[in-house]
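J.: Take a look and give me a structure for this.
(2 chains)
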Amino acid sequence: MDMKGKLLVTLVASALLATACGGAATTPSPSIGSTLVIGSAISLTGSQAKEGNLAKQGYDLWYDWIKAQGGITVNGVKHPVSLIYEDDQSKPDLSATLLEKLITAEHAQFILGPYGSAATATDAVIAEKDGIPMVEANGAAQAIFSKGYKYTFGVLSPANKYLTGVIDMAATLSPKPTTVAMLSANDNFSVEVAKAVVEYAPSKGMQVVFNKSYPAAAPDVSGLLSQVKPLNPDIILNSGHLAEAIAINKAAKDLNINAKIFAYSVGPSTPDFVDALGKDANFVYDGSQWTPQVKYTPQFYLTVNQYVLAYKTKYTATAAPDYHVAESTAACLALQKAIENAKSLDPGKVRDALASLDVMTFFGELKFDSRGINVFKPMVVEQIQGGVHFTVYPPNVANGQPQYPTPSWSQR
Amino acid sequence: MSQLLQQLVLGLLLGGVYVSVALGFSLVWGILNIVNLAHGAFVIIGAYVTWVLFTRLGVDPFLSLPVDAVVLFAVGYGLQRGLINRVIRAPLLFTFLLTFGINLVIVSLLLLIFSPDFRSVTPSYSGSGLSLGAVTIPYIGLARLGVAMLLALLLWFLLNRTRIGAGIQAVGADRDAAQLVGIDLRHVYALTFAIGAAFAGVAGGLIGLQQSITPTAGDPFTLQSFAVVILGGLGRVSATIAGGLLFGLIQVLGLNAPGLGAGYSNAIAFAVLVVVLAFRPQGLLGRLA
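T.: Numbering: from 1, shown residues only, chains lettered A, B, ... in the order given. Predicted coordinates:
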């Protein structure tokens, strides 16, 4: 017998042995089904490339895990997963076009959302039109969900919750802050965040003394802040994105504006914020969808600690994942669980399973109201202390105390 | 009253940024008749050079400005001599397309090299300011305006008091006649473009102090430079100064005018642009071609 023959025999023998072992197990190993295609048109380049890539990291973390599992099990049949991306270049209209391409040309059966409320809103139209379930993790504007769409589900807490947690926390502090200045970019998400604060603050005994919006990516916000200065508010809130949060923090220092609380909706949770501002980033609060300190007991997938470890291993990162990553992974989990619960790949049945989903994950509870919004998971408040993020509110998930009040710029 | 004064001060300081950004753009447009759509990308390259020097070697951002200029001069000279020169006599659309493409390539390269992370240059003196009663003047903003004015002076001196400048002006006035009197056209073209790029680089070094640096952060500067040149007019350094300062004032006042929402800031700025185009197409201080 030559070498090739020997090899063949060995292979056949080991294959037989493997089958025999499989057969000996108490439960039959699931057979392999068709490959399940999931698509996402996400911002990999353009102005939101940073956040878009964070979202992709979250998707990829789950994708690695589900590949290791062999796929999603539906009725005892394991369906391997294929996750396909398109780059929407941070343009919402392009996102919708690419989504259509994913569905028609690439035959995507399910959709993971794009980055940002604007792109999610345009993608939701396509998902609805084609009857393809979309689970999204990066569009928090409630406007997306007010149009009666049946196929779009968001795993994250809606925009109106982003900064109200900061107000709740402020109400517990002493001396209690009483005046609020609200600055906001004029995109749909940021406006909702601001509107909710303006409506909510009076119920906690706080007066909104300034409320003004600026164009998203405004060239200069120092003019706006100079109007805030003479009002001397206790709390300065900004609702916008990372670039604007950095600009506002810089401008506040430039103009020597000292508030007791500086809190920004989006930005401070990312490592870039601390890198960009150094010690000026300290004492800043933000509302966060998730922090690595939260204490949830998941029903499946990884625990919070395992998740943080998986992230650090895959991306050789020293910092823990920020919430953009975690919420994106959570969207995958919601979709996976719904497909399993539906016991079918039929888009309509998976859609119904999403609507009735209620599962606890490392990210928190995943459950949707009739509009498709996850109003059941709370937001947490973070503060940067000595360059490190601490969860400071609500107390039951916190790992630090709020450092309050914020010292003046000259004394930091 | 002090509130208005504060707004005026901040408007002028922002205008300083626009002046520095638009000087090179205006030069290239005026002399070479190229509307350089990669101008904003040049600005951001300058910002990244300053950022690298600041974070890796601890070089003060103001001291790195000459390095920005040298790097961008080389980039500009090479791009013009190697690429843009091939279409310099073609219709305007060709240079438009080419510079648009160059912009895309630069932005993508920056994305590959630096990733989309937000970078920022924050020296220790960042955030301090001069307090005059109720009006605060941030030192960095003031220094930026000062550098912008120095740049303008330098460009004026270069164009009007040096042999190179005379050559550049001659090419701008009549390229065939300039060639007839022995000016090396290709060299002057490349030199003009390189000087424009060098000014963009310095502007970029200033910009990293104010805002976050990302690969795509340059795009608005191309549009803003365009607006400044339309507003002020083409062909004069003083026109760029007037256009830049005015554009800064309009932006800040428009954003902060009582009772006006967020959308009005840009609307007002560009409405002024339309009015200027309608009634004074050569710009406030520009010369008619």
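
J.: Give the burial count for residue 243, as a bare number.
T.: Defaulting to chain A. 25 (other CB atoms under 10 Å in any protein chain shown). The C-beta positions use only the backbone N, C-alpha and C, and glycine is treated the same way.

J.: switch to chain B, that's the one I care about
T.: Neighbourhood size, B:Gly243 [other CB under 10 Å]: 31.

J.: what's the answer for A:Lys343, then?
T.: Counted by other CB under 10 Å, the residues lying close to A:Lys343 total 15.

J.: Quick one: low-confidence residue ranges for the chain.
T.: You didn't say which chain, so I picked chain A. Low-confidence segments of chain A, defined by pLDDT under 70, span residues A:1-30, A:219.

J.: looking at chain B here, not the other one
T.: By pLDDT under 70, the weakly predicted segments of chain B are B:259-263, B:288-289.

J.: Show me where it has its strands.
T.: B:129-132, B:135-138 (DSSP state E).

J.: Please dump these into TSV; it should also carry distance to chain A and mean neighbour count for every row.
T.: Compiled in TSV, the strands of chain B are given as follows (distance: least, CB to the nearest CB, whole Å; neighbours: other CB atoms under 10 Å in any protein chain shown):
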stretch	distance to chain A	mean neighbour count
strand B:129-132	6	13
strand B:135-138	4	21
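
J.: Do you have the helices of the stretch 1-150 of chain B handy? List them.
T.: B:2-32, B:39-57, B:65-82, B:92-114, B:139-161 (DSSP state H, counting those that start in this stretch).

J.: To A:Gln385, which of those lies closest?
T.: Comparison of the helices of the stretch 1-150 of chain B against A:Gln385 by CB to CB identifies helix B:39-57 as nearest, at 23.4 Å.

J.: how far is that closest one from where the chain is centred?
T.: 14 Å (CA atoms, centre = their mean, to the nearest Å).

J.: Okay, angle between it and helix B:65-82 too, please.
T.: 140 degrees (axes from the mean of the first three to the mean of the last three CA atoms, to 10 degrees).

J.: contacting residues around stretch B:255-274?
T.: Contact with stretch B:255-274 is made by A:185-186, A:212-215, A:218, A:220, A:223-224, A:226-227, B:7, B:227, B:230-231, B:247, B:250-251, B:254, as judged by CB atoms under 8 Å, 6 or more residues apart in numbering or on different chains.

J.: and A:Glu365, what are its bridge partners?
T.: Residues in a beta bridge with A:Glu365, per DSSP bridges, are A:Met360.

J.: Next, count neighbours for B:Glu282.
T.: Slight slip there: residue B:282 is Gln, not Glu. Neighbours of B:Gln282 under the rule other CB under 10 Å: 16.

J.: can you pull the buried residues of stretch A:402-410?
T.: Residues A:402-406, A:409 are the ones in stretch A:402-410 that count as buried (16 or more other CB atoms under 10 Å in any protein chain shown).

J.: host element of A:Ile236?
T.: Using DSSP states H and E, A:Ile236 sits in strand A:235-239.

J.: mind checking how far the closest residue to A:Gly348 other than its chain neighbours is from A:Pro347?
T.: Computed as CB to CB, 6 or more residues apart in numbering or on different chains, the closest residue to A:Gly348 that is not its neighbour in sequence is A:Gly131, at 6.9 Å. Here A:Gly131 is placed at a distance of 6 Å from A:Pro347 (CB to CB, to the nearest Å).

J.: So for the two, which sits in the more crowded spot?
T.: Taking other CB under 10 Å, A:Gly131 and A:Pro347 do not tie; A:Pro347 has more neighbours (18 against 12).

J.: Test my guess that that one contacts A:Ile103.
T.: No. Using CB atoms under 8 Å, A:Pro347 makes no contact with A:Ile103, being 10.4 Å away.

J.: what residues are shared contacts of the two?
T.: Among the neighbours of A:Pro347, those also in contact with A:Ile103 (CB under 8 Å, 6+ apart) are A:Ile132.

J.: Now the stretch 1-150 of chain A against chain B: closest residue?
T.: Across the stretch 1-150 of chain A, no residue is closer to chain B than A:Ala49, which sits at 3.4 Å (CB to the nearest CB).

J.: And that residue, how far from B:Ser108?
T.: 11 Å.

J.: which residues are in contact with both of these two?
T.: B:Pro215.

J.: quick one: which of these two has more around it?
T.: Neighbours per residue, other CB under 10 Å: of A:Ala49 and B:Ser108, the larger number sits with A:Ala49, 24 against 12.

J.: so what's the nearest residue to the more buried one once chain neighbours are set aside up against?
T.: In space, and not counting its chain neighbours, A:Ala49 is closest to B:Pro116: 3.4 Å by CB to CB, 6+ apart. The neighbours of B:Pro116, taking CB under 8 Å, 6+ apart as the test, are A:45, A:49-50, A:52-53, B:214-216.

J.: Ok, B:Tyr189 next?
T.: Applying CB under 8 Å, 6+ apart, the residues contacting B:Tyr189 are B:32, B:80, B:85, B:88, B:171.

J.: Now tabulate the residues you listed in TSV and tack on neighbour count.
T.: Listed next are the contacts of B:Tyr189 as TSV, based on neighbours: other CB atoms under 10 Å in any protein chain shown:
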residue	neighbour count
B:Leu32	24
B:Gln80	24
B:Asn85	16
B:Ile88	18
B:Val171	23
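
J.: What segments of the stretch 301-412 of chain A are helices?
T.: Under DSSP H, counting those that start in this stretch, the stretch 301-412 of chain A gives helices at A:304-314, A:323-342, A:347-355.

J.: List the pairing partners of the strand holding A:Ile236 within its sheet, with orientation.
T.: strand A:179-185 (parallel), strand A:261-264 (parallel).

J.: Dump those strands to JSON lines, plus mean neighbour count.
T.: Output for the strands paired with strand A:235-239, formatted as JSON lines (neighbours: other CB under 10 Å):
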{"stretch": "strand A:179-185", "mean neighbour count": "25"}
{"stretch": "strand A:261-264", "mean neighbour count": "26"}
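
J.: among the buried residues of stretch A:402-410, which are in reach of chain B?
T.: Here is what survives when the buried residues of stretch A:402-410 are matched to chain B using CB under 8 Å from any CB of the partner chain: A:Trp409.

J.: Quick one: closest of the helices of the stretch 1-150 of chain B to B:Ser120.
T.: Ranking the helices of the stretch 1-150 of chain B by their distance to B:Ser120 (criterion: CB to CB) puts helix B:39-57 first, at 7.8 Å.

J.: how about the residues of the stretch 151-289 of chain B near chain A?
T.: For the stretch 151-289 of chain B, the residues in contact with chain A (CB under 8 Å from any CB) are B:210-212, B:214-217, B:220, B:224, B:251-253, B:255-256, B:261-263, B:265-266.

J.: what do you get if the cut-off is 6 Å, keeping everything else the same?
T.: B:211-212, B:216, B:251-252, B:255-256, B:262, B:265-266 (CB under 6 Å from any CB of the partner chain).

J.: what's the closest of the residues you listed to A:Ala353?
T.: Lowest distance from A:Ala353 to those (CB to CB) belongs to B:Thr216, with 39.1 Å.

J.: tally of neighbours for the residue nearest to that closest one when sequence neighbours are not counted?
T.: Here the nearest residue to B:Thr216 in space, its sequence neighbours aside, is A:Ser47; by CB to CB, 6+ apart that works out to 5.0 Å. Counted with other CB under 10 Å, residues neighbouring A:Ser47 total 23.

J.: Surely A:Ser47 is in a helix?
T.: No. Using DSSP: H, G, I helix; E, B strand; the rest coil, the assignment for A:Ser47 is coil, not a helix.

J.: That concludes my questions; thank you for your assistance.
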